[in-house]
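1. sequence and computational prediction follow.
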Amino acid sequence: QVQLVESGGGLVQAGGSLRLSCAVSGRTFGTTRMGWFRQAPGKEREFVAAISRSGGITSYTDSVKDRFTISRDNAKNTVYLQMNSLRPEDTAVYYCAGSPSSQWVAVQSRLEYNYWGQGTQVTVSA
């Protein structure tokens, strides 16, 4: 089993920053590929960012490019999402996700991830 626990969410003003963390425990081989997704009220869960095992490959949805940075520290079994220049439209519950796959395909699809955290709320005020 793999457990993912997010932290770092909160309330911030537009233009501010937050750093989310995702602590991985259990059978960490199941988190070769890691991703962040978010879900706003009344909307479907959407892809935000993904990172390969080595951290050498990343992918972002267009709306967060140049504002968000995904990274990982494999020694600490932790994945991060640094969020800068936050906007009210970034308000959502943010979920960490993990996949045992080493293939870099369809990384933006929820179906490609086997493990999910419980989510952390991010609220950006105008």
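-> Nice, I can see it. Numbering: from 1, shown residues only.
2. show me the strands in this protein, by range?
-> Ranges of strands in the chain, per DSSP state E, are 2-7, 10-13, 18-26, 33-39, 46-51, 58-60, 68-73, 78-83, 92-99, 115-116, 120-125.
3. dump those strands to TSV, plus mean pLDDT, distance to Gln108 and mean neighbour count.
-> C-beta coordinates here come from the backbone N, C-alpha and C atoms, glycine included. Listed next are the strands of the chain as TSV, based on pLDDT from 0 to 100; distance: least, Cβ to Cβ, whole Å; neighbours: other Cβ atoms under 10 Å:
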stretch	mean pLDDT	distance to Gln108	mean neighbour count
strand 2-7	95	18	18
strand 10-13	98	25	13
strand 18-26	95	18	18
strand 33-39	97	8	23
strand 46-51	98	4	22
strand 58-60	97	7	16
strand 68-73	97	13	18
strand 78-83	97	15	22
strand 92-99	96	11	23
strand 115-116	96	15	18
strand 120-125	98	19	17
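4. tell me which of those strands lies nearest to Val107.
-> Shortest separation from Val107 across these is recorded for strand 46-51, at 4.1 Å, computed as Cβ to Cβ.
5. what angle sits between the closest one and strand 18-26?
-> 70 degrees (axes from the mean of the first three to the mean of the last three Cα atoms, to 10 degrees).
6. what lines up beside strand 46-51 in the sheet?
-> For strand 46-51, sheet partners with direction are given as strand 33-39 (antiparallel), strand 58-60 (antiparallel), following DSSP bridges.
7. find the centremost residue of the chain, please.
-> When the chain is reduced to its mean C-alpha position, the nearest residue by Cα atoms, centre = their mean turns out to be Trp36, at 2.0 Å.
8. let me see the contact set for the closest residue to that residue other than its chain neighbours.
-> Taking Cβ to Cβ, 6 or more residues apart in numbering as the measure, Trp36 lies nearest to Val48, with 4.3 Å between them; neighbours along the chain are not counted. Val48 makes contacts with 35-38, 60-61, 64, 68, 81, 94, as judged by Cβ atoms under 8 Å, 6 or more residues apart in numbering.
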